[in-house]
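*Asks:* here is my input, please return the structure:
(one chain, ligands or ions: 1)
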Amino acid sequence: MIEIGTHTHPSPHAAARYILLAKQKVLIVGDQFLFSLGDFHPTSEMRSVYCGKFEENDVFVCYFPQTPKGFEEKGLRELLFETTDYYYGLLSRAQQLATWDADHQFCGRCGHALTVKHPKEHAKVCSHCNIRHYPRISPCIIVSVRKGNDILLARPLTAKEGFFSNIAGFVEAGETLEQAVQREVMEEVGIKVTNIRYIDSQPWSFPHQLMVGFFAEYDSGEITPAKDEIAEAHWWPYNDLPNTPNPTSISGQLILAQVAAIAKDQDR
Ligand SMILES: [Zn+2]
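*Replies:* Down below sits the predicted model:
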């Protein structure tokens, strides 16, 4: 588990561990993705951000405009799905902090270059207007909807034929999570849901979502897929589901949990 802490952030040093990124990819050698300072050559274009402590070592994420020689690139999604929960938080955090650093080089309020980092927080302080710029975190709801023994699964236009998932979407400004669940399900498939219940959450670094997972129950309406977003959506018997997301993702976990909940009701 990555320790975030409130201590003063150190500068890169010899005893620290380093996660290397280039062009949104994680750099690896074999199956290794945590390196020491002697394993790579810092360049003038490389940028680094302190991530926190992991296994009592300081960890930094360093990102390069081009992949340095001797490293292979691996997609973050691929790596997250291969790693255990043990590394998930560390890799997610590294990716999100690198994104924050890259995307906040100038103040959004006054346009001055952001050169001052807060000593203890991940915040860049504008030396001109004093506003603090924190990493952007975008809450998204994701919901598994149940109707009796059936589960609602939809295929977005972007998904391959035969691959189905839960309804998900960004929370709008001024909206509660529960309102976002109701709105997204109505917008994407035209049905009303009730009994909305929080289940779990997961950081999702593509690039900075926080997925907030819910169960909900069918209330009323007929499935009517939104033409610009959903290719098809159906009620699926819980014991005969199509291809669904990897269980490392909260989407896959919600479906497994919903299947288990229905199966338990069958045993009563
Ligand atoms: Zn400013």
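
*Asks:* tell me what the helix or strand bottoming out on mean pLDDT in the chain is packed against?
*Replies:* In the chain, no helix or strand scores lower on mean pLDDT, DSSP states H and E than helix 76-82, which sits at a mean of 85. Contact partners of helix 76-82 among helices and strands, from 3 or more Cβ pairs under 8 Å, 6 or more residues apart in numbering; DSSP states H and E: strand 25-28, helix 85-103. C-beta here means a position set from N, CA and C on the backbone, and glycine is covered the same way.

*Asks:* next one: the shortest one to chain centre, how far?
*Replies:* Spelled out, it's strand 25-28. Relative to its chain's centre, strand 25-28 lies at 17 Å (Cα atoms, centre = their mean, to the nearest Å).

*Asks:* and it, what's buried?
*Replies:* For strand 25-28, the buried set under the neighbour-count rule, 16 or more other Cβ atoms under 10 Å, comprises 25, 26, 27, 28.

*Asks:* which residues sit against the least confident helix or strand of the chain?
*Replies:* 24-26, 28, 33, 88, 91-92, 95, 205-206, 246, 248-249 (Cβ atoms under 8 Å, 6 or more residues apart in numbering).

*Asks:* and the ion, which of the helices and strands packed on helix 76-82 is closest to it?
*Replies:* Evaluated over the helices and strands packed on helix 76-82, closeness to the ion peaks at helix 85-103, with 15.2 Å, by Cβ to the ion.

*Asks:* so what secondary structure elements neighbour the helix or strand following the closest one?
*Replies:* As assigned by DSSP states H and E, the chain's next helix or strand after helix 85-103 is strand 116-117. Counting contacts by 3+ Cβ pairs under 8 Å, 6+ apart, strand 116-117 packs against strand 124-125.

*Asks:* just the helices in this structure please.
*Replies:* Using DSSP state H, the helices of the chain run over 76-82, 85-103, 177-189, 250-267.

*Asks:* quick one: those helices as CSV, columns for mean neighbour count and distance to residue 228 too.
*Replies:* Formatted as CSV, the helices of the chain follow (neighbours: other Cβ atoms under 10 Å; distance: least, Cβ to Cβ, whole Å):
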stretch, mean neighbour count, distance to residue 228
helix 76-82, 16, 24
helix 85-103, 20, 27
helix 177-189, 19, 10
helix 250-267, 16, 21
